[in-house]
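**Student:** Generate a structure from the sequence data that follows.
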Amino acid sequence: MMNDRSSRAPTWFRIVSVVLLLWAIAGCYACAQQFRLGADAMGSASSYDRALYASLPVWYNAVYAVAVGCGLLGAVALLARSVLAIPLTTLSLIGVLLQFGWLFATSDIVAAKGAWTAIFPLVIVAVAGLSVLLARHARSRGWIA
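**Tutor:** Next up, the predicted model:
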């Protein structure tokens with residue numbers, strides 16, 4: 001019987017995994033900046049941005065840290081060809097959905113700043129979702145074990 005680890009992952013899988021790792025590193029940096037600078041993390045904050053940041057629940061930053069931390073560990077697990085990529089990327093996706101779901105459901109950010117403010121969060125959700133799909137696909141192909 002063939003060992004799952006003996007199935008060589010294709011080059012595109014390794015390239016996508018490296019891109020996901022770089023994306024995750026950028027996410028961790030953005031999270032650290034938000035912890036360090038608060039509302040000013042993305043540049044000079046408006047009074048709306050300051051009020052919104054001040055209204056974030058206590059758990060919000062913890063969920064943000066879990067989302068980016070699990071995303072980073074999930075990307076590392078993909079590169080290491082570890083099955084841990086599946087639960088880690090799944091936790092990251094759940095964190096992202098909680099984070100942005102709460103933000104858009106409980107604030108008037110779209111009304112205050114415009115619909116375009118949802119574009120980058122949607123990209124983040126899409127990348128997190130694709131990471132989960134990639135990990136599951138890799139498992140089904142025997143590229144991770």
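
**Student:** Tell me where this structure has helices.
**Tutor:** In the chain, the helices defined using DSSP state H lie at 11-37, 47-54, 58-79, 85-106, 109-113, 119-141.

**Student:** Including mean neighbour count and mean pLDDT, could these go into a markdown table?
**Tutor:** All C-beta spots, glycine's among them, are computed from the backbone N, C-alpha and C. Output for the helices of the chain, formatted as a markdown table (neighbours: other C-beta atoms under 10 Å; pLDDT from 0 to 100):
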| stretch | mean neighbour count | mean pLDDT |
| --- | --- | --- |
| helix 11-37 | 15 | 96 |
| helix 47-54 | 14 | 91 |
| helix 58-79 | 20 | 97 |
| helix 85-106 | 19 | 97 |
| helix 109-113 | 13 | 94 |
| helix 119-141 | 17 | 97 |
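
**Student:** isn't Gln33 right up against Ala39?
**Tutor:** No - counting by C-beta atoms under 8 Å, Gln33 sits too far from Ala39 to count as a contact (11.1 Å).

**Student:** Next, the contact list for Gly38, please.
**Tutor:** Neighbour list for Gly38: 45, 50, 53 [criterion: C-beta atoms under 8 Å, 6 or more residues apart in numbering].

**Student:** one more time with 10 Å, if that's ok
**Tutor:** By C-beta atoms under 10 Å, 6 or more residues apart in numbering, the contact set of Gly38 is 45, 49-50, 53-54, 56, 61.

**Student:** what's the answer for Tyr64, then?
**Tutor:** Contacts for Tyr64 (C-beta under 10 Å, 6+ apart) come out as 27, 30-31, 34-35, 56, 95-96, 98-99.

**Student:** Correct me if wrong: Ala65 contacts Ala32.
**Tutor:** Yes - using C-beta atoms under 10 Å, Ala65 is in contact with Ala32, at 9.1 Å.

**Student:** ok, the nearest residue to Thr89 once chain neighbours are set aside to Gly95 distance?
**Tutor:** Nearest residue to Thr89 in three dimensions, chain neighbours excluded: Gly74, at 3.8 Å (C-beta to C-beta, 6 or more residues apart in numbering). According to C-beta to C-beta, to the nearest Å, Gly74 and Gly95 sit 11 Å apart.
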